[in-house]
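Q: Give me a model of this one.
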Amino acid sequence: PEHCTANVLKQMNKPALRIFIEFIKIFRHLSKKEQYLVPYLISSHPGCQYDDMLDLKAFLKRNNLTVEQVQDFIPLPMTASAAMYHTGKNPYTGEELFVERTAAGKLKQRYALEAARGDQWEGFGRPEGGKDSSGRIMKKRKYIKR
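A: The predicted model follows:
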């Protein structure tokens with residue numbers, strides 16, 4: 001799935017995490033030595049908060065899954081997720097949802113996972129000349145899409 005926390009999976013209308021965990025076990029048992037699972041992940045989906053992204057990061061680490069792709073949520077027309085984004089409510093239950101709408105908040109959620117990829121993301125989203133968490137001055141970097 002695109003996430004791991006129960007609340008976010010519920011909003012995405014995805015099955016419980018236990019099903020993905022079972023898939024991981026079966027895949028690893030049956031796969032050859034050089035085959036890997038590469039999860040497709042979504043940040044900033046309605047109902048997803050920063051702590052959910054930290055839980056996802058911990059889940060990926062515990063299960064030796066590598067972060068390759070993180071997609072910022074995009075509210076596509078005529079989808080339940082778009083309705084959640086625009087109304088702040090689950091259209092089926094009426095439940096109020098947190099919706100990350102700020103660019104900084106979206107970047108923070110995405111960066112929670114992308115920082116796990118290594119220093120190619122170091123400084124991403126920080127102004128040139130700003131300091132990272134270790135106090136180093138950041139140099140200008142360009143986002144390079146692979």
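Q: in this structure, which spans are helices?
A: With helices called from DSSP state H, the chain shows them at 6-12, 17-30, 50-62, 80-87, 103-114.
Q: of all those helices, which lies closest to residue 71?
A: Closest of those to residue 71 is helix 103-114, at 8.8 Å (criterion: C-beta to C-beta). C-betas here are computed from N, CA, C, even on glycine.
Q: and the most centrally placed residue in the chain, bridged to which residues?
A: By C-alpha atoms, centre = their mean, the mean C-alpha position of the chain lies nearest to residue 43, the distance being 3.6 Å. Going by DSSP bridges, residue 43 is paired in beta bridges with residue 72.
Q: Now do the same contact list for it.
A: Residue 43 makes contact with 53, 70-73, 106, 109-110, 112-113, according to C-beta atoms under 8 Å, 6 or more residues apart in numbering.
Q: Report the buried members of these.
A: 53, 70, 73, 106, 109-110, 112-113 (16 or more other C-beta atoms under 10 Å).
Q: which of those residues are the two that sit furthest away from each other?
A: 73 and 112 (14.0 Å).
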